[in-house]
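**Student:** How does the following fold in three dimensions:
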Amino acid sequence: MIRYLIRKSLLMIIILVVLHFVAYHFALRHPAHLFYPFSSSTDPDAEFSPSQYPAYVRGLLSGDLGEAGGAPVAEVIGDPIRKSLVLLGVAVVVTVTTGLLLGFLAISPRTWRIRPAATLLLAAGSSMPGFVLGAIILSLLVYQLLFSGSGTTLLPISGYGLGRHLILPVMVLAVQPTFHLAKVTAGLLENELQRDYIQVAQSKGLDWRRVLGRHAWANVLSPALITMGEAMRLMIGGLVLVEAIFLWPGIGRILLYSLGLRLDAGPTGNFFGDPELIAILAVILGSWILLADLIAGLLAYHFDPRVSVAAQEGGALPA
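**Tutor:** Predicted structure coming up:
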(Lines give C-alpha, C1' and ligand atoms only; values in the text may rest on other atoms or scores of the structure.)
Protein backbone atom coordinates (compact mmCIF):
# COMPACT_ATOMS: atom_id res chain seq x y z
CA MET A 1 0.00 0.00 0.00
CA ILE A 2 2.90 2.37 0.76
CA ARG A 3 4.29 1.90 -2.73
CA TYR A 4 0.84 2.48 -4.18
CA LEU A 5 0.46 5.71 -2.17
CA ILE A 6 3.91 7.01 -3.17
CA ARG A 7 3.32 6.16 -6.84
CA LYS A 8 -0.08 7.84 -6.89
CA SER A 9 1.18 10.91 -5.01
CA LEU A 10 4.07 11.44 -7.42
CA LEU A 11 1.73 11.02 -10.37
CA MET A 12 -0.68 13.58 -8.86
CA ILE A 13 2.11 16.13 -8.46
CA ILE A 14 3.24 15.68 -12.06
CA ILE A 15 -0.30 15.96 -13.43
CA LEU A 16 -1.11 19.07 -11.39
CA VAL A 17 2.13 20.80 -12.42
CA VAL A 18 1.39 20.10 -16.09
CA LEU A 19 -2.24 21.18 -15.64
CA HIS A 20 -1.17 24.46 -14.06
CA PHE A 21 1.31 25.17 -16.88
CA VAL A 22 -1.22 24.37 -19.61
CA ALA A 23 -4.04 26.40 -18.02
CA TYR A 24 -1.81 29.44 -17.49
CA HIS A 25 -0.51 29.46 -21.04
CA PHE A 26 -3.96 28.70 -22.47
CA ALA A 27 -5.18 31.93 -20.88
CA LEU A 28 -2.22 33.79 -22.35
CA ARG A 29 -3.09 32.58 -25.85
CA HIS A 30 -6.62 33.98 -25.45
CA PRO A 31 -6.01 37.44 -23.95
CA ALA A 32 -9.13 39.16 -22.68
CA HIS A 33 -8.58 42.52 -24.36
CA LEU A 34 -8.89 40.92 -27.82
CA PHE A 35 -12.50 39.97 -27.09
CA TYR A 36 -13.77 42.23 -24.32
CA PRO A 37 -12.14 45.67 -24.30
CA PHE A 38 -13.88 46.54 -21.04
CA SER A 39 -12.27 43.62 -19.19
CA SER A 40 -9.90 44.45 -16.36
CA SER A 41 -7.15 42.66 -18.30
CA THR A 42 -6.74 45.80 -20.44
CA ASP A 43 -4.99 47.35 -17.48
CA PRO A 44 -1.29 47.50 -18.40
CA ASP A 45 -0.39 46.44 -14.88
CA ALA A 46 -2.48 43.29 -15.35
CA GLU A 47 -0.80 42.15 -18.58
CA PHE A 48 0.90 38.76 -18.49
CA SER A 49 3.50 37.09 -20.66
CA PRO A 50 5.12 33.63 -20.80
CA SER A 51 8.37 35.11 -19.49
CA GLN A 52 6.60 35.98 -16.23
CA TYR A 53 5.70 32.36 -15.50
CA PRO A 54 8.94 31.42 -13.63
CA ALA A 55 8.56 34.44 -11.33
CA TYR A 56 4.89 33.58 -10.83
CA VAL A 57 5.81 30.00 -9.85
CA ARG A 58 8.37 31.29 -7.36
CA GLY A 59 5.62 33.41 -5.86
CA LEU A 60 3.36 30.36 -5.63
CA LEU A 61 6.03 28.42 -3.75
CA SER A 62 6.21 31.27 -1.24
CA GLY A 63 2.42 31.29 -0.80
CA ASP A 64 1.47 34.14 -3.15
CA LEU A 65 -1.32 32.98 -5.48
CA GLY A 66 -1.31 36.21 -7.48
CA GLU A 67 -4.14 38.65 -8.14
CA ALA A 68 -7.38 38.61 -10.12
CA GLY A 69 -9.62 41.59 -10.76
CA GLY A 70 -7.51 43.75 -8.46
CA ALA A 71 -7.88 41.37 -5.49
CA PRO A 72 -5.65 38.57 -4.19
CA VAL A 73 -6.58 35.22 -5.71
CA ALA A 74 -6.65 33.67 -2.22
CA GLU A 75 -9.45 36.08 -1.25
CA VAL A 76 -11.31 35.58 -4.54
CA ILE A 77 -11.49 31.79 -4.23
CA GLY A 78 -11.66 31.38 -0.43
CA ASP A 79 -15.43 31.60 0.10
CA PRO A 80 -16.36 29.96 -3.26
CA ILE A 81 -14.22 26.91 -2.37
CA ARG A 82 -16.14 26.49 0.87
CA LYS A 83 -19.49 26.77 -0.91
CA SER A 84 -18.46 24.30 -3.61
CA LEU A 85 -17.30 21.83 -0.96
CA VAL A 86 -20.67 22.16 0.80
CA LEU A 87 -22.46 21.30 -2.43
CA LEU A 88 -20.08 18.43 -3.21
CA GLY A 89 -20.22 17.05 0.32
CA VAL A 90 -24.01 16.84 0.41
CA ALA A 91 -24.06 15.38 -3.12
CA VAL A 92 -21.52 12.70 -2.15
CA VAL A 93 -23.58 11.63 0.87
CA VAL A 94 -26.75 11.49 -1.24
CA THR A 95 -24.99 9.58 -4.03
CA VAL A 96 -23.37 6.95 -1.82
CA THR A 97 -26.41 6.24 0.35
CA THR A 98 -28.99 6.33 -2.45
CA GLY A 99 -26.77 4.56 -4.99
CA LEU A 100 -25.96 1.64 -2.69
CA LEU A 101 -29.61 1.36 -1.60
CA LEU A 102 -30.82 1.27 -5.20
CA GLY A 103 -28.13 -1.29 -6.03
CA PHE A 104 -29.33 -3.60 -3.25
CA LEU A 105 -33.01 -3.10 -4.09
CA ALA A 106 -32.33 -3.91 -7.75
CA ILE A 107 -31.54 -7.53 -6.80
CA SER A 108 -34.57 -9.81 -6.60
CA PRO A 109 -34.59 -12.05 -3.47
CA ARG A 110 -36.44 -14.68 -5.48
CA THR A 111 -34.14 -15.03 -8.49
CA TRP A 112 -30.98 -13.44 -7.01
CA ARG A 113 -30.61 -11.47 -10.22
CA ILE A 114 -31.28 -7.88 -11.24
CA ARG A 115 -34.97 -7.16 -11.70
CA PRO A 116 -35.87 -6.41 -15.37
CA ALA A 117 -37.49 -3.09 -14.44
CA ALA A 118 -34.41 -2.12 -12.41
CA THR A 119 -32.16 -2.85 -15.39
CA LEU A 120 -34.08 -0.36 -17.52
CA LEU A 121 -34.24 2.26 -14.76
CA LEU A 122 -30.55 2.08 -13.88
CA ALA A 123 -29.46 2.14 -17.53
CA ALA A 124 -31.60 5.21 -18.23
CA GLY A 125 -30.49 7.04 -15.09
CA SER A 126 -26.79 6.35 -15.52
CA SER A 127 -26.86 7.63 -19.11
CA MET A 128 -28.67 10.90 -18.33
CA PRO A 129 -26.32 13.89 -17.98
CA GLY A 130 -27.13 16.04 -14.99
CA PHE A 131 -27.42 19.25 -17.02
CA VAL A 132 -30.25 17.69 -19.07
CA LEU A 133 -32.22 17.03 -15.89
CA GLY A 134 -31.36 20.53 -14.70
CA ALA A 135 -32.71 22.09 -17.90
CA ILE A 136 -35.93 20.07 -17.61
CA ILE A 137 -36.42 21.05 -13.97
CA LEU A 138 -35.78 24.71 -14.65
CA SER A 139 -38.24 24.67 -17.57
CA LEU A 140 -40.94 23.15 -15.39
CA LEU A 141 -40.34 25.67 -12.62
CA VAL A 142 -40.45 28.57 -15.08
CA TYR A 143 -43.76 27.32 -16.48
CA GLN A 144 -45.07 26.94 -12.94
CA LEU A 145 -43.99 30.50 -12.19
CA LEU A 146 -45.65 31.87 -15.33
CA PHE A 147 -48.98 30.11 -15.01
CA SER A 148 -49.49 29.84 -11.26
CA GLY A 149 -49.57 33.59 -10.65
CA SER A 150 -48.01 33.07 -7.23
CA GLY A 151 -44.75 34.83 -8.12
CA THR A 152 -42.69 32.09 -6.48
CA THR A 153 -41.47 28.62 -7.47
CA LEU A 154 -41.77 25.43 -5.46
CA LEU A 155 -38.02 25.40 -4.88
CA PRO A 156 -35.40 28.17 -5.23
CA ILE A 157 -33.79 28.01 -8.65
CA SER A 158 -30.76 30.18 -7.86
CA GLY A 159 -28.65 31.45 -5.02
CA TYR A 160 -26.85 29.96 -2.04
CA GLY A 161 -28.34 28.43 1.07
CA LEU A 162 -28.03 25.41 3.35
CA GLY A 163 -31.72 24.58 3.20
CA ARG A 164 -34.10 24.52 0.23
CA HIS A 165 -31.48 26.09 -2.05
CA LEU A 166 -29.45 22.88 -1.86
CA ILE A 167 -32.17 20.56 -3.13
CA LEU A 168 -32.10 21.23 -6.87
CA PRO A 169 -28.30 21.58 -7.28
CA VAL A 170 -27.70 18.40 -5.29
CA MET A 171 -30.37 16.54 -7.24
CA VAL A 172 -28.91 17.52 -10.60
CA LEU A 173 -25.31 16.98 -9.48
CA ALA A 174 -25.99 13.55 -7.97
CA VAL A 175 -28.44 11.96 -10.42
CA GLN A 176 -26.00 10.42 -12.92
CA PRO A 177 -23.36 9.36 -10.33
CA THR A 178 -26.09 7.82 -8.15
CA PHE A 179 -27.49 5.65 -10.93
CA HIS A 180 -23.97 4.78 -12.10
CA LEU A 181 -23.07 3.56 -8.61
CA ALA A 182 -26.37 1.67 -8.31
CA LYS A 183 -25.91 0.01 -11.71
CA VAL A 184 -22.36 -1.16 -10.99
CA THR A 185 -23.26 -2.29 -7.44
CA ALA A 186 -26.22 -4.31 -8.70
CA GLY A 187 -24.08 -5.93 -11.39
CA LEU A 188 -21.37 -6.84 -8.89
CA LEU A 189 -23.88 -8.33 -6.47
CA GLU A 190 -25.63 -10.31 -9.20
CA ASN A 191 -22.34 -11.79 -10.34
CA GLU A 192 -21.24 -12.61 -6.77
CA LEU A 193 -24.55 -14.24 -5.87
CA GLN A 194 -24.06 -16.84 -8.60
CA ARG A 195 -20.85 -18.20 -7.08
CA ASP A 196 -20.63 -21.64 -5.48
CA TYR A 197 -19.93 -20.46 -1.95
CA ILE A 198 -23.15 -18.43 -2.01
CA GLN A 199 -25.08 -21.55 -2.99
CA VAL A 200 -23.46 -23.41 -0.08
CA ALA A 201 -24.41 -20.60 2.32
CA GLN A 202 -27.96 -20.71 1.05
CA SER A 203 -28.12 -24.50 1.46
CA LYS A 204 -27.19 -24.08 5.12
CA GLY A 205 -30.38 -22.15 5.67
CA LEU A 206 -28.98 -18.63 5.84
CA ASP A 207 -31.62 -16.07 5.00
CA TRP A 208 -31.38 -13.58 2.13
CA ARG A 209 -30.16 -10.65 4.19
CA ARG A 210 -27.35 -12.58 5.89
CA VAL A 211 -26.15 -14.05 2.60
CA LEU A 212 -26.17 -10.64 0.95
CA GLY A 213 -24.70 -8.64 3.81
CA ARG A 214 -22.25 -11.08 5.38
CA HIS A 215 -20.95 -12.95 2.34
CA ALA A 216 -21.63 -11.25 -1.00
CA TRP A 217 -21.12 -7.63 0.06
CA ALA A 218 -17.67 -8.28 1.57
CA ASN A 219 -16.36 -9.49 -1.79
CA VAL A 220 -17.80 -6.63 -3.86
CA LEU A 221 -16.83 -3.87 -1.43
CA SER A 222 -13.48 -3.16 -3.09
CA PRO A 223 -14.82 -2.61 -6.66
CA ALA A 224 -17.79 -0.74 -5.16
CA LEU A 225 -15.36 1.68 -3.50
CA ILE A 226 -13.58 2.20 -6.81
CA THR A 227 -16.98 2.96 -8.36
CA MET A 228 -17.65 5.50 -5.60
CA GLY A 229 -14.45 7.22 -6.67
CA GLU A 230 -15.72 7.26 -10.25
CA ALA A 231 -19.02 8.73 -9.03
CA MET A 232 -17.15 11.48 -7.20
CA ARG A 233 -15.18 12.29 -10.34
CA LEU A 234 -18.45 12.58 -12.27
CA MET A 235 -19.78 15.01 -9.66
CA ILE A 236 -16.65 17.16 -9.70
CA GLY A 237 -16.75 17.20 -13.49
CA GLY A 238 -20.38 18.32 -13.42
CA LEU A 239 -19.83 20.94 -10.73
CA VAL A 240 -19.05 23.74 -13.19
CA LEU A 241 -22.28 23.36 -15.16
CA VAL A 242 -24.48 22.83 -12.10
CA GLU A 243 -23.14 25.95 -10.40
CA ALA A 244 -23.70 27.92 -13.60
CA ILE A 245 -27.27 26.63 -14.04
CA PHE A 246 -28.36 27.42 -10.48
CA LEU A 247 -26.06 30.44 -9.93
CA TRP A 248 -24.37 28.66 -7.03
CA PRO A 249 -21.49 30.95 -5.96
CA GLY A 250 -18.70 28.36 -6.06
CA ILE A 251 -15.42 28.01 -7.90
CA GLY A 252 -17.04 26.25 -10.84
CA ARG A 253 -19.09 29.36 -11.58
CA ILE A 254 -16.01 31.57 -11.24
CA LEU A 255 -14.15 29.31 -13.66
CA LEU A 256 -16.86 29.78 -16.27
CA TYR A 257 -16.74 33.55 -15.81
CA SER A 258 -12.96 33.58 -16.05
CA LEU A 259 -13.22 31.64 -19.34
CA GLY A 260 -15.62 34.28 -20.67
CA LEU A 261 -18.82 32.26 -20.91
CA ARG A 262 -20.61 34.97 -18.99
CA LEU A 263 -19.67 38.47 -17.94
CA ASP A 264 -21.44 40.50 -15.28
CA ALA A 265 -21.21 44.13 -14.40
CA GLY A 266 -20.22 42.97 -10.93
CA PRO A 267 -16.82 41.75 -9.72
CA THR A 268 -17.09 38.36 -11.44
CA GLY A 269 -16.85 40.10 -14.80
CA ASN A 270 -13.36 41.30 -13.88
CA PHE A 271 -12.01 37.76 -13.75
CA PHE A 272 -12.24 37.07 -17.47
CA GLY A 273 -9.01 35.86 -19.04
CA ASP A 274 -6.91 36.12 -15.87
CA PRO A 275 -4.23 33.40 -16.25
CA GLU A 276 -3.32 33.29 -12.57
CA LEU A 277 -6.92 32.67 -11.53
CA ILE A 278 -7.62 30.18 -14.33
CA ALA A 279 -4.47 28.20 -13.50
CA ILE A 280 -5.31 28.00 -9.79
CA LEU A 281 -8.93 26.98 -10.44
CA ALA A 282 -7.81 24.27 -12.86
CA VAL A 283 -5.37 22.91 -10.26
CA ILE A 284 -8.02 22.93 -7.51
CA LEU A 285 -10.61 21.05 -9.58
CA GLY A 286 -7.95 18.68 -10.90
CA SER A 287 -6.66 17.97 -7.39
CA TRP A 288 -10.20 17.15 -6.21
CA ILE A 289 -10.62 14.63 -9.00
CA LEU A 290 -7.24 13.03 -8.31
CA LEU A 291 -7.87 12.95 -4.55
CA ALA A 292 -11.20 11.21 -5.11
CA ASP A 293 -9.40 8.54 -7.12
CA LEU A 294 -6.62 8.23 -4.51
CA ILE A 295 -8.98 7.92 -1.54
CA ALA A 296 -11.14 5.34 -3.30
CA GLY A 297 -8.05 3.32 -4.23
CA LEU A 298 -6.65 3.39 -0.69
CA LEU A 299 -9.98 2.32 0.80
CA ALA A 300 -10.24 -0.51 -1.72
CA TYR A 301 -6.75 -1.67 -0.77
CA HIS A 302 -7.65 -1.54 2.90
CA PHE A 303 -10.96 -3.38 2.75
CA ASP A 304 -10.26 -5.97 0.06
CA PRO A 305 -9.44 -9.24 1.92
CA ARG A 306 -7.58 -10.62 -1.09
CA VAL A 307 -5.22 -7.65 -1.06
CA SER A 308 -4.63 -8.11 2.69
CA VAL A 309 -3.73 -11.76 2.20
CA ALA A 310 -1.35 -10.90 -0.63
CA ALA A 311 0.36 -8.31 1.53
CA GLN A 312 0.76 -10.76 4.44
CA GLU A 313 2.27 -13.38 2.14
CA GLY A 314 4.68 -10.85 0.68
CA GLY A 315 3.08 -10.91 -2.74
CA ALA A 316 2.87 -7.96 -5.07
CA LEU A 317 -0.07 -5.66 -4.57
CA PRO A 318 -2.22 -4.93 -7.59
CA ALA A 319 -1.68 -1.60 -9.30
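
**Student:** Could I get the full set of helices for the stretch 201-319 of the chain?
**Tutor:** 208-210, 217-245, 251-258, 275-303, 305-312 (DSSP state H, counting those that start in this stretch).

**Student:** Please identify which of those helices is closest to A174.
**Tutor:** helix 217-245 (6.8 Å; CB to CB). C-beta: built from backbone N, CA, C; applies to glycine.

**Student:** tell me the angle the closest one makes with helix 275-303.
**Tutor:** 160 degrees (axes from the mean of the first three to the mean of the last three CA atoms, to 10 degrees).

**Student:** by contact count, what packs against helix 217-245?
**Tutor:** Helix 217-245 sits against helix 73-105, helix 130-148, helix 167-192, helix 251-258, helix 275-303, helix 305-312, with contacts defined as 3 or more CB pairs under 8 Å, 6 or more residues apart in numbering; DSSP states H and E.

**Student:** Please convert those to a markdown table, extending it with mean pLDDT and distance to D64.
**Tutor:** Formatted as a markdown table, those follow (pLDDT from 0 to 100; distance: least, CB to CB, whole Å):
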| stretch | mean pLDDT | distance to D64 |
| --- | --- | --- |
| helix 73-105 | 92 | 9 |
| helix 130-148 | 75 | 36 |
| helix 167-192 | 90 | 33 |
| helix 251-258 | 86 | 19 |
| helix 275-303 | 89 | 10 |
| helix 305-312 | 49 | 42 |
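
**Student:** Ok, which of those helices comes nearest I6?
**Tutor:** helix 275-303 (11.4 Å).

**Student:** Mind listing what's buried along the closest one?
**Tutor:** Buried residues in helix 275-303, counted by 16 or more other CB atoms under 10 Å: 275-290, 292-294, 296-301.

**Student:** Stretch 210-218 too?
**Tutor:** In stretch 210-218, counting by 16+ other CB under 10 Å, buried: 211-212, 215-217.

**Student:** Give me the most central residue, the chain.
**Tutor:** I236 (2.1 Å; CA atoms, centre = their mean).

**Student:** for it, what are its contacts?
**Tutor:** 88, 285, 288-289, 292 (CB atoms under 8 Å, 6 or more residues apart in numbering).

**Student:** Pick the one among the residues you listed closest to D196.
**Tutor:** Nearest to D196 among the contacts of I236, with distances taken as CB to CB, is A292, at 35.1 Å.

**Student:** excluding its backbone neighbours, what's nearest the closest one?
**Tutor:** Spatial nearest neighbour of A292, chain neighbours left out: M232 (3.8 Å); criterion: CB to CB, 6 or more residues apart in numbering.

**Student:** is it true that that neighbour touches T178?
**Tutor:** No - in this structure, M232 is not within contact of T178 by CB atoms under 8 Å, at 11.6 Å.

**Student:** out of the two, which sits in the more crowded spot?
**Tutor:** T178 (28 against 24; other CB atoms under 10 Å).

**Student:** and the gap between that one and T95?
**Tutor:** To T95, T178 is 5 Å away according to CB to CB, to the nearest Å.

**Student:** any shared contact partners between those two?
**Tutor:** Contacts common to T178 and T95, judged by CB under 8 Å, 6+ apart, are A231.

**Student:** Show me which positions of stretch 19-30 end up buried.
**Tutor:** 19-20, 23-24, 27-28.

**Student:** cool, stretch 193-201 as well?
**Tutor:** Quick answer for stretch 193-201 (16+ other CB under 10 Å): 193, 198, 201.
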